[in-house]
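Novice: sequence and computational prediction follow.
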Amino acid sequence: MKFMILTLLLCFSTFSFAWGPTGHRTVGDIAQKYLKKGVHRKITKILDGQSLSRVSNWPDKIRSDPENYAHTYTWHYTDWPNGVSEYDPHNNSGSIITSTDQQIKILRDKKSSKAEKAFAIKFIVHLIGDMHMPLHIGNGKDFGGSSCKVLFHKKPTNLHKLWDENMLEFTQLSFTELSQYITKIDKKTLRSYKKGHLLDWAKESKIIRETVYPKNFLDKKYCDRDNPLPMDQWPQLGYEYSYKFIPVIEKRLLQAGIRLAKILNKSF
């Protein structure tokens, strides 16, 4: 049992988190803006007064309690290799698509207890955010970019953490500011973001994923864990990379929030 927990911890730690606290709170805050009033009341009651932004990071916090929650660690991601058009839930690590779907079913089941619904809501909020972070739909080779060492404004990091936290931190915006700024969209765009479901949204992340790797380092030697490159050979990313991809991050956070609200509104 201890060996299994240790293995899961190592597996989870290599994939890190998605968006970090600011990103997940932004997704929760955006979703709350689009909830129907009755749904908002019911969710608030189930969560004992807590907001979606407040509970959004709980599924990451509980990794400090492997005795009770180790089984959830692989829910946060999945692999969808390059060149594979159809997703196969049985032949890769991680289960974000199937696990999210399972929690949605629990939330919609009238027989589920209040505690079960609260657990489901917390994970749905979080996993929808994770699903929209491109590197949480991994290529199966570099632990969601965690193996890919890069320099961001001359500071060492990895590609996963860069998308998870570093670029959001670079904006110097709080989650409420970010939520306020990126929700200014027209009705046509709103309708387009509501389209599709879990597999469609994960596929969007897969498509985006391969664009985030530095183009002048296609051999990806900087992603080799066994033969790591010296730091002076890591890709150096800065303003040009931020200018290109911060709008992508903002769009994915907004889509995640709108789609989360769509799922919750249909669940009550």
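Specialist: Now that the structure is in, tell me what you want to look at. In this text the structure is predicted, and so the values were computed from the model without any measurement. Numbering: from 1, shown residues only.
Novice: show me where the stretch 151-268 of the chain has its helices.
Specialist: Taking DSSP state H, counting those that start in this stretch to define them, one finds helices in the stretch 151-268 of the chain at 159-161, 167-171, 175-182, 187-193, 198-209, 239-265.
Novice: poorly predicted segments of the protein, please.
Specialist: 1-18, 217-218 (pLDDT under 70).
Novice: can you get me the start-to-end distance on stretch 205-225?
Specialist: Counting by CA to CA, to the nearest Å, you get 24 Å between the two ends of stretch 205-225.
Novice: all the strands of the stretch 1-150 of the chain, residue numbers only.
Specialist: 78-79, 137-138, 149-152 (DSSP state E, counting those that start in this stretch).
Novice: and Lys111, which of those strands is closest to it?
Specialist: strand 78-79 (28.3 Å; CB to CB). Backbone N, C-alpha and C define where each C-beta goes, glycine included.
Novice: check which helices and strands that closest one sits against.
Specialist: Applying 3 or more CB pairs under 8 Å, 6 or more residues apart in numbering; DSSP states H and E, one finds that strand 78-79 contacts strand 137-138.
Novice: still on that earlier bit, could you dump the helices of the stretch 151-268 of the chain into a markdown table with distance to Lys114 added?
Specialist: Compiled in a markdown table, these are given as follows (distance: least, CB to CB, whole Å):
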| stretch | distance to Lys114 |
| --- | --- |
| helix 159-161 | 35 |
| helix 167-171 | 33 |
| helix 175-182 | 27 |
| helix 187-193 | 31 |
| helix 198-209 | 25 |
| helix 239-265 | 16 |
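Novice: ranking these by burial, who's on top?
Specialist: helix 159-161 (a mean of 25; mean count of other CB atoms under 10 Å).
Novice: what does that one rub up against?
Specialist: Residues from elsewhere that reach helix 159-161 (CB atoms under 8 Å, 6 or more residues apart in numbering): 15-16, 135, 142-146, 148, 150, 212-213, 223.
Novice: hang on, isn't Gly38 packed against Phe268?
Specialist: Yes. Contact criterion CB atoms under 8 Å: Gly38 and Phe268 qualify, at 7.2 Å.
Novice: quick check: Gly138 vs Ile30, distance?
Specialist: Gly138 sits 25 Å away from Ile30, going by CB to CB, to the nearest Å.
Novice: what comes up buried for stretch 86-93?
Specialist: 87, 92 (16 or more other CB atoms under 10 Å).
Novice: oh, I was asking about stretch 70-77
Specialist: For stretch 70-77, using 16+ other CB under 10 Å, the buried residues are 70, 72-77.
Novice: ditto for stretch 102-121
Specialist: The neighbour-count check on stretch 102-121 (16+ other CB under 10 Å) flags 103-104, 106-107, 117-121 as buried.
Novice: what count of nearby residues applies to Asn227?
Specialist: 6 (other CB atoms under 10 Å).
Novice: residues in contact with it?
Specialist: Lys221.
Novice: before we move on, back to that, among the buried residues of stretch 102-121, which two are most distant?
Specialist: Longest span within the buried residues of stretch 102-121, CB to CB: Ile104 and Ala118, 14.2 Å.
Novice: neighbour count: Gly38 and Phe268, which is higher?
Specialist: Using other CB under 10 Å, the more surrounded residue of Gly38 and Phe268 is Phe268, with 16 against 10.
Novice: from Tyr241, how far off is that one?
Specialist: For Phe268, the distance to Tyr241 equals 41 Å [CB to CB].
Novice: now the helices for the stretch 1-150 of the chain?
Specialist: 2-15, 20-33, 37-46, 52-55, 58-61, 66-69, 96-108, 114-131.
Novice: make JSON lines from those helices and add distance to Leu229 to it.
Specialist: Below are the helices of the stretch 1-150 of the chain laid out as JSON lines (distance: least, CB to CB, whole Å):
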{"stretch": "helix 2-15", "distance to Leu229": "18"}
{"stretch": "helix 20-33", "distance to Leu229": "26"}
{"stretch": "helix 37-46", "distance to Leu229": "47"}
{"stretch": "helix 52-55", "distance to Leu229": "39"}
{"stretch": "helix 58-61", "distance to Leu229": "30"}
{"stretch": "helix 66-69", "distance to Leu229": "33"}
{"stretch": "helix 96-108", "distance to Leu229": "30"}
{"stretch": "helix 114-131", "distance to Leu229": "29"}
